[in-house]
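> starting from these lines, generate the structure:
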Amino acid sequence: MEIPSLAQLKKDLSYLTERELVDIITDLAKFSRDNKAFLYFKLNERDMPSLFVDTVKEDLDDAFQSANTKNYHLAKKSAQAIRRKLNKSLKLGKNKADQAELILYFCEMLRKYGYLQFRHPVITNLYQVQVGKAKKLIATLHEDLQSDFTYRLEELA
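Modelled structure (predicted):
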């Protein structure tokens, strides 16, 4: 079976009634937690623009607090798992400023919880890649936001 293009799906959806659309969206939200989270953020972002960032920060805080950092190997695995969680969350938000905020927050937490003290090449590389991503995102933002984020970025580098 060949999956139709996005344009074809949009065309087919335009013919449906409102009730049919609600049913399809509800079914889609049942398939995965990511779909449900995406739908939740899209429905509530007009009322609470910082909801996405705050929710992801809480998830990252929980992950950092429960991470096992007894030795460098466990710290490396924990950092990689938290980064995967961050990357999953970044896919849900399309706002570049929010993405830059979350990446910088992740890097700050790596420093705060002492992951960089292990001097493990994988952890150091993971940190440097995230700082590089943040630099690229910040370069695409408005000048006022760039100055705010650049100050935080300089503290990390």
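> I'd like the next helix or strand past the helix or strand where residue 22 lies.
Per DSSP states H and E, residue 22 falls inside helix 18-31. Next helix or strand after helix 18-31 toward the C-terminus (DSSP H and E): helix 33-44.
> what lies in contact with that next one?
Helix 33-44 is contacted from outside by 25, 28, 29, 30, 51, 52, 55, 88, 91, 92, 93, using Cβ atoms under 8 Å, 6 or more residues apart in numbering. The C-beta positions use only the backbone N, C-alpha and C, and glycine is treated the same way.
> leaving out chain neighbours, which residue sits closest to the first one?
When you say that, I think you mean residue 25. residue 39 (6.8 Å; Cβ to Cβ, 6 or more residues apart in numbering).
> distance of the one you found relative to residue 55?
Applying Cβ to Cβ, to the nearest Å, the value for residue 39 to residue 55 is 13 Å.
> now do the helix holding residue 22: which elements does it pack against?
helix 33-44 (3 or more Cβ pairs under 8 Å, 6 or more residues apart in numbering; DSSP states H and E).
> which strands and helices sit next to the helix or strand just after the helix it packs on?
Once the chain leaves helix 33-44, the next helix or strand it forms, by DSSP H and E, is helix 51-66. Judged by 3+ Cβ pairs under 8 Å, 6+ apart, the packing partners of helix 51-66 are helix 33-44, helix 72-92, helix 96-112.
> tabulate these in JSON lines, adding columns for mean neighbour count and distance to residue 148.
Formatted as JSON lines, these follow (neighbours: other Cβ atoms under 10 Å; distance: least, Cβ to Cβ, whole Å):
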{"stretch": "helix 33-44", "mean neighbour count": "14", "distance to residue 148": "23"}
{"stretch": "helix 72-92", "mean neighbour count": "17", "distance to residue 148": "19"}
{"stretch": "helix 96-112", "mean neighbour count": "20", "distance to residue 148": "9"}
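> redo these as JSON lines? Include distance to residue 145 and mean pLDDT.
JSON lines is the format used below for the helices and strands packed on helix 51-66 (distance: least, Cβ to Cβ, whole Å; pLDDT from 0 to 100):
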{"stretch": "helix 33-44", "distance to residue 145": "20", "mean pLDDT": "87"}
{"stretch": "helix 72-92", "distance to residue 145": "17", "mean pLDDT": "93"}
{"stretch": "helix 96-112", "distance to residue 145": "6", "mean pLDDT": "94"}
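> dump those helices to TSV, plus distance to residue 134.
Formatted as TSV, the helices and strands packed on helix 51-66 follow (distance: least, Cβ to Cβ, whole Å):
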stretch	distance to residue 134
helix 33-44	21
helix 72-92	11
helix 96-112	4
